[in-house]
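1. based on what follows, work out the 3D shape:
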Amino acid sequence: ALREAVATRFARATKQRTLAVLPAPKRIWAISDVHVDVKANLDHCLALAPRPDDALVVAGDVCPEPGLFRRFFESLVPKFKDVFYVPGNHDLWVAPEDLASNSLEK
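-> Numbers count the residues shown, from 1 in each chain. Next up, the predicted model:
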């Protein structure tokens, strides 16, 4: 009886916490190594078509420059249902002109 009670309670709690209550994206797209500090790459990324029912994973190496980094994401976020980001090594480089003193702060 105890085992059944625990199983029932666990099932109820799990059901309440499932991500299924959020509408799932139709498709999941993934890009990486876009290096938008190269103008042709930036232009291509800014011209990506809106996909409001889809999710996008940006898997690193966007660029080390904070202004371009922000511009890139400000253009993408409104185009997709969800945007997920994983930093790459280029994104975390700290240059002398950066306001951050280390990669974690950046």
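
2. mind checking the end-to-end distance for stretch 33-40?
-> 13 Å (Cα to Cα, to the nearest Å).

3. please apply the same query to stretch 65-83.
-> Using Cα to Cα, the two ends of stretch 65-83 sit 20 Å apart.

4. now what about it, what contacts it?
-> By Cβ atoms under 8 Å, 6 or more residues apart in numbering, the surrounding residues in contact with stretch 65-83 are 23, 25, 29, 34, 36-37, 42, 45-46, 48-56, 58, 62-63, 85, 91, 98-99, 106. Yep, even glycine has a C-beta here, placed from its N, CA and C like the rest.

5. low-confidence stretches in this structure?
-> Scanning the chain for pLDDT under 70 picks out 1, 6, 10, 13-22, 93-100, 102-106.

6. where along it do the helices fall?
-> Assigned by DSSP state H, the chain shows helices spanning 2-17, 39-46, 66-76, 89-92.

7. in CSV: the ones you listed, plus mean neighbour count.
-> Listed next are the helices of the chain as CSV, based on neighbours: other Cβ atoms under 10 Å:
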stretch, mean neighbour count
helix 2-17, 9
helix 39-46, 13
helix 66-76, 15
helix 89-92, 16
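
8. show me the contacts of stretch 65-83 that map onto strands.
-> When the contacts of stretch 65-83 are checked against strands (DSSP state E), the matches are 29, 51, 52, 53, 54, 55, 56, 58, 85.
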